[in-house]
Structure formats: C-alpha cells, structure tokens
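Enquirer: just coords:
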C-alpha cells in the first residue's frame, strides 16, 4: 500500500502533478477511473490517503462517466478509514445550484438564479429576471451546455423547440447574465482553505480552463491571463467559500458586475489544474505548494494512526 493514491479520469491534465510527486520522492500510486471497479464489502482502501481528481467535465469525454460512481466510491473508502482529499467537495462541485445557494447563504453576492428540474418551467422561472439570461446545466464542466437568451421570447421558443440542455442530472439554472467589467473574471485559487493566487481572465466564452493541456487543445482560442491580487475582503470571502465547501484545493470565481460595480461570485471549482506556465504568469509553481500540503497530510495521518 502506498502513502497516497490519485484517483483521476482525464488522461493528461495531471501530468504536472504526477511529475511533482515523483520529484519529491513521495510513495504514491495512480488509479484511473476508466476501468475501475470496487468490492462493496469490507476490506482495505488502496492508500490511507486518496486525492480526488475527478472533474465535472468527465461526461464530455465518456458517456459512462465516473462522476456519480466517485461519490459512492469515496464514501466507501472513507468507511474503510481512508482520508479522501477533496472528496467531500464533490457535494458542492456536482451542483451549480448548490454552489449559488451556499454563496448566498454565506452572505456574498451572486447572480440572481432560479433552478428547475423540467425544461418547460424555465420561462416561468425566468420571470422577473433581467435579460439576457443564461441557462446552465446543474452539472457542467468546461462551459458545457451553457446557453444565452436575450429575450423571454427567445427562451420560450428554445424550450418549445426542445433545444435547451438540462444536463446529466436533468436540472438546470436560469441566471441573470451579469456583464463582467472589462470583459474579465477573476479566479481565486485556494489551498487548505487559504488564498494561493488569483488570475484575471478575459471572457471569450464559457470554457475558461487554464491548465496547460486546455490551453493547447485543438481549436482552443487563446485566453489572456494575468496575475492579480484581489482586495482583502474578496480574498477573505473566497477563503470562506472554499472552507464552507470543504475544498482542500480548488478555485472560486467572481466578476465585477458592470451594471452597478457589485462583486458577484458565481462558480466553485474543486478540480484545480492550476494555471498554465505558472512561473511566468504568477511567479511560482503552485504544484510545489500542493505537494507540501499533501506531505503534511501524510505525516499527520501517520502520526494519528
């Protein structure tokens, strides 16, 4: 049994993480979700610590994706005594509706949002919202399935035509499309509930994956990224959201609404791949910080055993 196991799905996203683990000489193993099965009876987990690296965009790569399987598997491993890093975060990561509810419950600004489980109810849910609106599948990744509607009539026509995506759990959000000031959003990355770095990103669409593999993907438009330091109150809010989401490593995104200058948090992402070319963009490699955290957790776990 190794000290650490990485449970992952994407074939290339985590090569920088794997390389960083090898450089540090950590005793680790990789478990690919693709052909994974498990015995639901008693037994030992594959490692005392497992790191969840399942992304919500997994359903774009495989129809028989592991998103819901992973929730059951992690619960099983935890029942066997393992610690699953970012495992509890799946409860928030698998629902954009839950994310907005949490953000609002904590007292922070977010776009006005309604949630439905039937496409036919979208026009009714959108009543009273300022158009344009976005319809977002509750479970999404890489901007998948997000549609913009500029008028109530346009939304009603799309619903009548059956062309609105409800996603893999048949739930969707209808949300005011707050115009981001300067056409930019900010992604705040956190580690162990604390601020790690932040990047300002131009909004050329809804797919804002900033990892190396995403940035060189065929047909991927170039995205302008720059390091920023948000105001202290925004950093504190992002940390609060990450802690309440039980995210060990992940990002919180916000924008400044150009209509009134208000800050609106709109996305919580428990699958941080970190920014491409990090030393050039932010001045350091956050994988080093992540490895430090994992080593500390391994040591603490051994001490408690």
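Expert: On my side now, so go ahead. A quick note: this is a predicted structure, and the numbers were derived from the prediction, not measured.
Enquirer: Give me the most central residue, the protein.
Expert: The chain has residue 269 as the residue nearest its centroid, 2.0 Å off, counting by Cα atoms, centre = their mean.
Enquirer: Name the next helix or strand following the helix or strand of the chain with the lowest mean pLDDT along the chain.
Expert: Evaluated with mean pLDDT, DSSP states H and E, the helix-and-strand set of the chain has its lowest mean pLDDT in helix 212-215, which scores a mean of 45. Towards the C-terminus, the helix or strand next in line after helix 212-215, according to DSSP states H and E, is strand 225-227.
Enquirer: From the chain's centroid, how far away is that following strand?
Expert: Here strand 225-227 is found 19 Å from its chain centre; the criterion is Cα atoms, centre = their mean, to the nearest Å.
Enquirer: Parallel or antiparallel, which strands does that strand pair with?
Expert: Under the criterion DSSP bridges, strand 225-227 sits next to strand 194-202 (antiparallel) in its sheet.
Enquirer: Residue 240: what's it in contact with?
Expert: Residue 240 is in contact with 106, 108, counting by Cβ atoms under 8 Å, 6 or more residues apart in numbering. The C-beta positions use only the backbone N, C-alpha and C, and glycine is treated the same way.
Enquirer: shaky segments in this protein?
Expert: Scanning the chain for pLDDT under 70 picks out the ranges 205-222.
Enquirer: Swap in 50 and give it another go.
Expert: Of all residues in the chain, those with pLDDT under 50 make up the ranges 212-217.
Enquirer: Which stretches in it count as helices?
Expert: Taking DSSP state H, the helices of the chain run over residues 15-23, 58-61, 67-79, 90-93, 96-105, 122-126, 152-161, 212-215, 232-244, 278-282, 286-304.
Enquirer: and of the ones you listed, who's closest to residue 146?
Expert: helix 96-105 (9.8 Å; Cβ to Cβ).
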